[in-house]
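Colleague: Prediction below, plus the sequence it came from.
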Amino acid sequence: MNAVAAFAKTPLPDWPQGWYAFSHSRNLARGQIRAVTLAGQEIVVFRTAAGALGALDAHCPHMGAHLAHGRVHGEHLVCALHCWRIAVDGSIEQRAPRARAWPVREQGGLILIEFGAGRPVPIAGDAQFVWTDTAPLDLAVPWHAVMTNAFDMPHLATVHGRELVAPAQVSMEAGRQCSLQYVSRVSGRGLSDRLMKWISGDRIHVRMVCHGTTLTIETDLGFTRTAACVGMLPTPQGTRLYPVFGVRRGRFQRVRLALARWLFTAFLRRDLYVIEGMRLRTDVDDPALQTLFDFLRTLRPARA
Ligand code: FES
Ligand SMILES: [Fe+2]
């Protein structure tokens, strides 16, 4: 087998380096602690009284108690067993050992943890955007299949009622991101299709970027722009999706936000039933998908 053919058979990484969404921001209030397992690494995430986020190795550096049994006091997570007080950076009050701390941040209504150093943070929209979300969605399919669906141009017509008005443009930066841009028009006749047609003047400019397990989507509808981000968390059953939707701050923002969420959700819902249970094949003759697969294979696996 030559080198190119061998590369094409390389499996897509289950846990690539990057930022992992594991919760919507509003589901971690001040004083709360949540446990999550990423790439086999057990982590606790907590929010201090002042609102700062910490992500720590789940087992206390003293004797290994699980820190999810602890409590937040002020700016510290207090272990339940002997009450060591651990700060968000992993330092421990009046003690030399440190807990391992993971980079964690909030972006567009998602809480993200970084695996791998210096990874670009997935950003959709800009600082002027306001965000909303829908409840997480569980799918019995690996996250690769969900990401592939976003880059699968032929299914726009067969599943979503959209037609491309020009060939899609795809490009990738090895180890960083893969992006796809296209312009579509509405061919579907459902309520959300007709509304989208009316709002957009029937020209929908879309830019999607795959940052490992997180997808950002920016949509230009002529007189308004919307953004979305879908964090994909691998689970034992498949994938949990954390979608967020954003619009520019300004007049009628609540109405525009509700409309953007409804339109994105109506679009996404058409995929969910179809890709459930899919066993993704990567030997498909499609240049956009091959670029995505090549990109995913450049991502190094996350190691705890
Ligand atoms: S095990 Fe955590 S303080 Fe002792
Ligand atoms: Fe789709």
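Modeller: Received it, and whenever you're ready, just let me know what you need. Ligands and ions are numbered 1, 2, ... in the order given.
Colleague: drop to CA atoms for contacts and neighbour counts, all remaining ones
Modeller: Noted.
Colleague: Residue 148 belongs to a strand?
Modeller: No: using DSSP: H, G, I helix; E, B strand; the rest coil, the assignment for residue 148 is helix, not a strand.
Colleague: Next one: it, what pLDDT does it get?
Modeller: pLDDT, residue 148: 97.
Colleague: and the stretch 1-150 of the chain, which of its residues are near ligand 1?
Modeller: 60, 62-65, 79, 81-84 (CA under 6 Å from any ligand atom).
Colleague: Using TSV, lay out those residues together with secondary structure.
Modeller: Listed next are these as TSV, based on three-state DSSP:
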residue	secondary structure
60	coil
62	coil
63	coil
64	coil
65	coil
79	coil
81	coil
82	coil
83	coil
84	coil
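Colleague: Who are the packing partners of the helix of greatest length in the chain?
Modeller: If you go by DSSP state H, the chain has its longest helix at helix 253-275. If contacts are counted by 3 or more CA pairs under 8 Å, 6 or more residues apart in numbering; DSSP states H and E, helix 253-275 sits against strand 129-133, helix 143-151, helix 191-200, strand 238-248.
Colleague: Send over it as PDB, restricted to the C-alpha atoms.
Modeller: Output of helix 253-275 as PDB, limited to C-alpha atoms (Å, rounded to 0.1, in the frame of the first residue of the first chain):
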ATOM      1  CA  GLN A 253     -32.700  41.300  19.500                       C
ATOM      2  CA  ARG A 254     -35.000  39.000  21.500                       C
ATOM      3  CA  VAL A 255     -37.200  38.400  18.500                       C
ATOM      4  CA  ARG A 256     -34.200  37.900  16.200                       C
ATOM      5  CA  LEU A 257     -32.600  35.500  18.700                       C
ATOM      6  CA  ALA A 258     -35.800  33.400  19.000                       C
ATOM      7  CA  LEU A 259     -36.100  33.400  15.200                       C
ATOM      8  CA  ALA A 260     -32.500  32.400  14.700                       C
ATOM      9  CA  ARG A 261     -32.900  29.600  17.200                       C
ATOM     10  CA  TRP A 262     -36.100  28.300  15.600                       C
ATOM     11  CA  LEU A 263     -34.600  28.400  12.000                       C
ATOM     12  CA  PHE A 264     -31.400  26.700  13.100                       C
ATOM     13  CA  THR A 265     -33.200  24.100  15.100                       C
ATOM     14  CA  ALA A 266     -35.700  23.400  12.200                       C
ATOM     15  CA  PHE A 267     -32.600  22.900   9.900                       C
ATOM     16  CA  LEU A 268     -30.800  20.700  12.400                       C
ATOM     17  CA  ARG A 269     -33.800  18.500  13.200                       C
ATOM     18  CA  ARG A 270     -33.900  17.300   9.600                       C
ATOM     19  CA  ASP A 271     -30.500  15.700  10.100                       C
ATOM     20  CA  LEU A 272     -31.000  14.100  13.500                       C
ATOM     21  CA  TYR A 273     -33.400  11.300  12.400                       C
ATOM     22  CA  VAL A 274     -31.400  10.600   9.200                       C
ATOM     23  CA  ILE A 275     -27.900  10.200  10.700                       C
END
